[in-house]
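Q: Take a look and give me a structure for this.
(chains A and B)
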Amino acid sequence: MNMKMTGKRLGWWLTLGCCLVTFLAMSQSAPAQERKPAAEIIALVGTAEIKSPSDANFRPAKLKDALYPQDQIRTLANSRAKLFCADETILTLGESTTVDLAKFQMDQQGRRQSALVKILDGSMRFIVHKFTGPDPNFEIQGKTVVMGIRGTDGVFETRNPDNVYFFSGRTTLNLRNVTTGQIFILTPRNFATTEAGRPFRTGPVTPELQNRVLRNFQAAQSHIPDAVSKPPPPPPSLLSALRRAGIVFGNPAIPQTSGFLNTNNPTTTQGGTLQSTLPSSHQGLFPR
Amino acid sequence: MPQGAWSSEEGEIFLARGNKLYLDGKYAEAKEQLLKGTQADPQNAEIWSLLGTANLALKDYAQARDAFAKAVELDPTIPRGKLYLGVANYFLGNLTEAERWFKEAKSIAPDDGLVHYYAGLVAAHQQRPKDALTELETGMNLAPQFALGFKGYQEAVKVYREERPFSISFTTGIEYDDNVKVLPDKTTVSAVGPNGGVTGAYKGHKADWRTPLILNAAYEPIRTEKWTGGVRYYGYGGLNYYLDNFNICDQLGEMYVKYRWGRLTVNPFFAFDYTWLGGQPFSQFISPGLRFTLLETANLAGDLIYMYQDRQFKTNIGNPSYDRTGNMNQVGFFQTLAGKPGSIRAGLIWEREVTVGINFTANRYRLPVEGFLNLPWQVTAYGYFEWAKTACSNRDSFANRYRNEDYFQILVQLRRPVTSWMNAIVGYNHISNPSNIQDYQYDRNIYQLLAMFYY
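A: I've put the predicted structure just below:
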């Protein structure tokens, strides 16, 4: 009986121990599943807004705001936003642009596994950090075209039609028209235009065209260091000089003659003394 | 947009890294990345500009200046490039250069409050307070979020508001004077007194209420870097309510020139002072003099003054022994200490008065101390204290003794602006003249409530 009870108790304790170990193990693995930011806003001109999947509406964005996979960001008119992704990809949103960071996965070593950015409307400049894998694992999707990217610099416009400008890069861009399934390899210094149900149209990127397109993505940021917004207080020498000039004692000899002790700066009415009596040198001689 | 500004993908990545590090407050690391960026893409104005900003944050002003100079050279319209180039020059003490860049920055971004703030700082350092105040106040309107950082400068230049070459003020009010006649309590002289030929205590009133009328004007038409010259006028009329034969009217005029030579200012002056008492001429002083002012330290200045005074100065009592007409030689030495809470001046004066009559020829040693103190609620306190030792050179003709006096007076006034053109003044003045001869002993108390109107 006692042996039976002891065995039961042992089983109960073992079960409890197993549960505890499992719980602890799950607790340990929980942080690994935490959402990690996909990008951060590092430059902002005008107004941008962010929306997470759980949000009903967009909310105002500010510098240093983090964006997570599946977040959306949009810029309003005359606005720009520059995102610095976890893999050091740089995305610059032009004005009136909405982008969905649909997918952004990194491996344990901090390398990008795959990324998909959807441009719902507007235009975006991309500088995608080069990677060493055999296939492009960064995709940008517009309305009619999906693009796989390696290390490269270009602009993707999703208006009607979709335009892709390829400014520089050591590789090529793989474009696929989602309406026709046509695949096109875009080489550097060329652009491609895609419309639904139509073949790609291409042309060269001239310096003038590049400048014209890139002008829309200028997001040069002007930070204000504390050293500038909070300069050191006026040095004592300046304070002293200003004070002396503002309220100074007048000629000390003259009051001895007049006795009116006028310490005014000749052109300042803030200082000075009003002496209503005759001076010492006059006194003592009144008629008695 | 410059062609090269977008030419390097690598430069853009260094720029983005630097930008992120800057936003994280890691300025040194940001600087490191941005320096690499300038090597990767030396034609990218944005990288140079952010490098300059990181240097400003690190207070490496010389490096900031060089970086912004490069950024502005590559892209003259880069945001705040010219402003920060001016800021770097300002912190390096190159005020003229800073001012030039602020002017250019203002032409690009006239609504940038920071440009106005810094234009104000330069103007303050260049002793142009009016410009400084205008710029600082414009900055505060455009960018009030930075106002706190520049408040000290605004306060400092406010004292300079009256920079125009002329000023005029008129003061009046009411005073109570408990010894209008400046009489001793008792006299030993039988020849004088209100009833004539009596000795002992004086009879009749010697206290009265009074309305002073004070006009103060100044004009300083010469103002150059080295030279200052001007005139000032002081007119005083004391209208006693009952003792009108003791009304005083004084007219004082002074001409002066100041020449600045380094830290030394040479100031020749000429003053004319004419006084009536009870409607009769009382005194006329003509006073040429020379004053040297040396700026000893940032807060301390010294004055050395010599003045000669020609004096027509007598009453109508008809006794030539009491004729004070003559001349006076005076040498004074003063030290003035100016600081944030106020200013104070203390001095020592020796004067030798030689008179026609025998009763006033004397050596006098005076120790005046005066000061302003800035109090809360815009109240300024002014205090004046003087002690004077008079040692006569002749025996007094009535007392047959060498007169010896320890005159002192103390004056305290509190002033507060009521409007932008009027100050209210409340004051108290006590004068005492202890003397070894009773006829020269007196005490006097004056209470003031005045309004000063100025423009």
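Q: For A:Pro69, grab the count of nearby residues.
A: Using other C-beta atoms under 10 Å in any protein chain shown as the criterion, A:Pro69 is surrounded by 18 other residues. All C-beta atoms are positioned from the backbone trio N, CA, C, and that covers glycine.
Q: That one touches A:Ala38, doesn't it?
A: Yes - between A:Pro69 and A:Ala38 there is a contact at 5.2 Å, judged by C-beta atoms under 8 Å.
Q: Touching both of those two, which residues are there?
A: A:101, A:104 (C-beta atoms under 8 Å, 6 or more residues apart in numbering or on different chains).
Q: quick one: B:Val331 from B:Phe68, how far?
A: 56 Å (C-beta to C-beta, to the nearest Å).
Q: okay, these two: which has more neighbours?
A: A direct count of neighbours by other C-beta under 10 Å for B:Val331 and B:Phe68 places B:Phe68 higher, at 30 against 14.
Q: tell me the contacts of the more buried one?
A: B:48-49, B:52, B:81-82, B:84-85, B:88.
Q: what's the neighbour count on the residue lying closest to B:Gly113 once chain neighbours are set aside?
A: Leaving aside its sequence neighbours, B:Gly113 sits nearest to B:Ala143 (C-beta to C-beta, 6 or more residues apart in numbering or on different chains; 2.5 Å). Counted with other C-beta under 10 Å, residues neighbouring B:Ala143 total 19.
Q: check contacts around B:Ala143.
A: Counting by C-beta under 8 Å, 6+ apart, B:Ala143 has contacts B:112-114, B:116-117.
Q: Relative to B:Pro368, how far out is it?
A: Relative to B:Pro368, and taking C-beta to C-beta, B:Ala143 is found at 47 Å.
Q: Let's see stretch B:431-445 as CSV, backbone CA atoms only.
A: Extracted as CSV, the C-alpha positions of stretch B:431-445 are listed here (Å, rounded to 0.1, in the frame of the first residue of the first chain):
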residue,chain,number,x,y,z
ILE,B,431,21.8,114.3,4.7
SER,B,432,23.7,115.0,7.8
ASN,B,433,26.5,117.5,8.4
PRO,B,434,28.1,117.0,11.8
SER,B,435,30.5,119.9,12.4
ASN,B,436,32.6,121.2,15.2
ILE,B,437,30.9,124.5,14.7
GLN,B,438,27.2,124.4,15.6
ASP,B,439,26.1,126.8,12.9
TYR,B,440,27.2,124.4,10.3
GLN,B,441,25.4,121.4,11.8
TYR,B,442,22.2,120.3,10.1
ASP,B,443,20.2,117.3,9.3
ARG,B,444,17.8,116.8,6.4
ASN,B,445,15.4,114.1,5.3
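Q: List the buried residues in that stretch.
A: B:431, B:433, B:435, B:437, B:439-442, B:444 (16 or more other C-beta atoms under 10 Å in any protein chain shown).
Q: Which one among those sits at the bottom for pLDDT?
A: When those are sorted by pLDDT, the bottom entry is B:Asp439 at 75.
Q: Surely that residue and B:Phe398 touch.
A: Yes - counting by C-beta under 8 Å, B:Asp439 does reach B:Phe398; the two are 7.1 Å apart.
Q: Quick one: neighbours of A:Val145, just the number.
A: Neighbours around A:Val145, by other C-beta under 10 Å: 26.
Q: Now B:Glu137: phi and psi?
A: As for B:Glu137, its main-chain torsions (degrees, to the nearest 10) stand at phi -70, psi -30.
Q: tell me the helices in the stretch 201-350 of chain B, going along the chain?
A: Here the stretch 201-350 of chain B has no helices by DSSP state H, counting those that start in this stretch.
Q: top strand in chain A by residue count?
A: strand A:112-128 (DSSP state E).
Q: Neighbouring strands of whichever helix or strand comes after it in the sheet, and parallel or not?
A: Sequence-wise, the next helix or strand downstream of strand A:112-128 (DSSP states H and E) is strand A:138-141. Strand A:138-141 pairs in its sheet with strand A:112-128 (parallel), strand A:145-149 (antiparallel), by DSSP bridges.
Q: could you point out which element follows the shortest one?
A: Read that as strand A:145-149. Taking DSSP H and E, what comes next after strand A:145-149 is strand A:152-158.
Q: What is that following strand packed up against?
A: Contact here means 3 or more C-beta pairs under 8 Å, 6 or more residues apart in numbering or on different chains; DSSP states H and E; on that basis strand A:152-158 packs against strand A:112-128, strand A:162-169, helix B:9-23.
Q: Just the angle for that strand relative to strand A:162-169, thanks.
A: Put simply, strand A:152-158 runs at 170 degrees to strand A:162-169, going by axes from the mean of the first three to the mean of the last three C-alpha atoms, to 10 degrees.
Q: Now do strand A:152-158, average pLDDT.
A: In the prediction, strand A:152-158 has an average pLDDT of 70.
Q: and it with helix B:9-23, angle?
A: Going by the same axes, to 10 degrees, strand A:152-158 makes 80 degrees with helix B:9-23.
Q: got the CA positions of strand A:152-158 in PDB?
A: In PDB, the C-alpha atoms belonging to strand A:152-158 read as follows (Å, rounded to 0.1, in the frame of the first residue of the first chain):
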ATOM      1  CA  THR A 152      21.200  48.000 -56.900                       C
ATOM      2  CA  ASP A 153      20.000  51.600 -57.000                       C
ATOM      3  CA  GLY A 154      16.800  52.500 -58.800                       C
ATOM      4  CA  VAL A 155      13.300  53.900 -58.600                       C
ATOM      5  CA  PHE A 156      10.000  52.100 -58.800                       C
ATOM      6  CA  GLU A 157       7.000  54.200 -59.800                       C
ATOM      7  CA  THR A 158       3.500  52.700 -59.300                       C
END
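Q: List the contacts of that strand.
A: A:119-128, A:130, A:140, A:142-143, A:147, A:162-171, A:173, A:188, A:213-214, A:217, B:6, B:9, B:12.
Q: okay, the strands paired with strand A:138-141, which one's buried deepest?
A: strand A:145-149 (a mean of 23; mean count of other C-beta atoms under 10 Å in any protein chain shown).
Q: hmm, who's touching stretch A:199-211?
A: With C-beta under 8 Å, 6+ apart, stretch A:199-211 has contacts from A:165-167, A:175, A:177, A:180, A:182, A:184, A:186, A:189-194, B:1, B:3, B:6.
Q: List buried residues within those residues.
A: A:165-167, A:175, A:177, A:184, A:186, A:190-194, B:1, B:6.
Q: Now secondary structure, pLDDT and distance to B:Gln63 too, for those, in JSON lines please.
A: As requested, the buried ones among the contacts of stretch A:199-211 are exported to JSON lines (DSSP: H, G, I helix; E, B strand; the rest coil; pLDDT from 0 to 100; distance: C-beta to C-beta, whole Å):
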{"residue": "A:Tyr165", "secondary structure": "strand", "pLDDT": "88", "distance to B:Gln63": "36"}
{"residue": "A:Phe166", "secondary structure": "strand", "pLDDT": "86", "distance to B:Gln63": "37"}
{"residue": "A:Phe167", "secondary structure": "strand", "pLDDT": "83", "distance to B:Gln63": "31"}
{"residue": "A:Leu175", "secondary structure": "strand", "pLDDT": "87", "distance to B:Gln63": "45"}
{"residue": "A:Asn177", "secondary structure": "strand", "pLDDT": "88", "distance to B:Gln63": "51"}
{"residue": "A:Phe184", "secondary structure": "strand", "pLDDT": "89", "distance to B:Gln63": "48"}
{"residue": "A:Leu186", "secondary structure": "strand", "pLDDT": "88", "distance to B:Gln63": "42"}
{"residue": "A:Asn190", "secondary structure": "strand", "pLDDT": "89", "distance to B:Gln63": "41"}
{"residue": "A:Phe191", "secondary structure": "strand", "pLDDT": "91", "distance to B:Gln63": "40"}
{"residue": "A:Ala192", "secondary structure": "strand", "pLDDT": "90", "distance to B:Gln63": "44"}
{"residue": "A:Thr193", "secondary structure": "strand", "pLDDT": "90", "distance to B:Gln63": "46"}
{"residue": "A:Thr194", "secondary structure": "strand", "pLDDT": "86", "distance to B:Gln63": "48"}
{"residue": "B:Met1", "secondary structure": "coil", "pLDDT": "39", "distance to B:Gln63": "26"}
{"residue": "B:Trp6", "secondary structure": "helix", "pLDDT": "42", "distance to B:Gln63": "25"}
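Q: Thank you kindly, that will do.
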